[in-house]
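Engineer: I'd like to go over a predicted model; first the sequence, then the structure.
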Amino acid sequence: SFAVKLTVAAVWAGGAAFMFLLCKPLGRLAAVLAAAVFAWSPYLLLDVYVRTAYPELTAIAFAAGVLWSIDRLLRSGQPIFVCTLAVTTGMVLISHLPTTVIVAPLAAAYVVGSMMIHRHEAKRMGLVVAGAILGAGLATFYVVPAIAELALVKASRLTNAYFDYHLHFVPPGYWVDWGWSYGGSGIGVKDHLSLQIGIVQWIVLAAAVLFLAGSLVRRRPASLV
């Protein structure tokens with residue numbers, strides 16, 4: 001049991017470290033704040049202390065590593081980050097496939113956005129694609145059987161009856177419900193699961209919006225202000 005607890009703590013801290021490294025180009029203070037916001041996210045607390053969803057926690061932690069690897073690869077073009085991207089991608093895949101489905105389009109959007117904003121060399125996008133393909137290759141021992149043998153594990157039950165995801169969309173009121181109870185996710189308003197975004201997270205989001213708005217106003221020509 002001690003080994004399990006130590007592993008969970010290491011994965012949790014690793015995710016925060018990846019977030020620190022991802023935001024370090026913005027300054028040390030921003031990086032520390034980003035790591036703290038990640039580490040104390042209510043959903044991660046939920047995964048660890050309520051749901052014991054350790055595979056999902058691991059995938060989320062390495063998802064931060066995927067974004068960091070992509071960012072460093074686009075900025076520097078160094079081949080070593082192709083390796084880190086491959087490893088982190090493979091870890092996300094073998095940890096929790098549903099998380100991969102969520103992270104993949106976000107990672108793609110991050111790549112496209114960074115290419116448009118910073119005008120990176122086109123070959124660096126090729127390195128990102130290569131890293132992602134290598135990561136998928138590292139995980140084939142798990143992913144290929146998981147896909148090929150879906151009919152044998154009755155995966156269709158994961159989207160039927162109670163597990164139909166259409167029944168579990170979060171009402172907006174739950175985003176700011178600071179209550180903390182224990183239990184499963186119910187249908188409609190019968191939830192006993194804390195689904196809040198988090199007070200600190202809301203503060204950071206609001207501050208980011210104000211900062212971006214202020215930056216846009218300052219960049220406008222004087223004749224238009």
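Structural biologist: Okay, I see it.
Engineer: tell me the buried residues in the host helix or strand of Gly126?
Structural biologist: Gly126 is located in helix 122-138, with elements delineated by DSSP states H and E. Along helix 122-138, the positions that meet the burial threshold by neighbour count (16 or more other C-beta atoms under 10 Å) are Arg124, Met125, Leu127, Val128, Gly131, Ala132, Leu134, Gly135, Ala136, Leu138. Just so you know, the C-beta spots here come from the backbone N, C-alpha and C atoms, and that holds for glycine as well.
Engineer: avg pLDDT for stretch 42-56?
Structural biologist: Within the predicted structure, the mean pLDDT of stretch 42-56 is 91.
Engineer: now do the buried residues in it.
Structural biologist: Taking 16+ other C-beta under 10 Å as the neighbour-count basis, stretch 42-56 is seen to contain the buried residues Pro42, Tyr43, Leu44, Leu46, Asp47, Val48, Val50, Ala53, Tyr54, Pro55, Glu56.
Engineer: most widely separated two among the residues you listed?
Structural biologist: For those, the maximum inter-member distance is 18.9 Å, found between Pro42 and Pro55 (C-beta to C-beta).
Engineer: next structured bit after the worst-scoring helix or strand of the chain on mean pLDDT?
Structural biologist: Sorted by mean pLDDT, DSSP states H and E, the helices and strands of the chain end with helix 150-153, the least confident at a mean of 82. Along the chain past helix 150-153, the next helix or strand (assigned with DSSP H and E) turns out to be helix 199-219.
Engineer: how far does that next one sit from the chain's center?
Structural biologist: Offset of helix 199-219 from its chain centre (C-alpha atoms, centre = their mean, to the nearest Å): 21 Å.
Engineer: in contact with Val143, which residues?
Structural biologist: Applying C-beta atoms under 8 Å, 6 or more residues apart in numbering, we find Val143 in contact with Leu93, Ile94, Leu97, Ala136.
Engineer: the particular helix or strand that has Thr89 in it - contacts with which helices or strands?
Structural biologist: Applying DSSP H and E as the criterion places Thr89 in helix 80-95. Helix 80-95 is packed against helix 54-76, helix 97-118, helix 122-138, helix 140-148, with contacts defined by 3 or more C-beta pairs under 8 Å, 6 or more residues apart in numbering; DSSP states H and E.
Engineer: give me the contacts around it.
Structural biologist: 18, 55-56, 58-59, 62-63, 65-66, 68-70, 72-73, 99-100, 103, 127-128, 130-132, 134-139, 142-143.
Engineer: what of stretch 192-200?
Structural biologist: Contacting residues not belonging to stretch 192-200 are listed as 36-37, 40-42, 46, 50, 170, 174-186 [C-beta under 8 Å, 6+ apart].
Engineer: next, the angle helix 122-138 makes with the helix holding Thr89.
Structural biologist: 40 degrees (axes from the mean of the first three to the mean of the last three C-alpha atoms, to 10 degrees).
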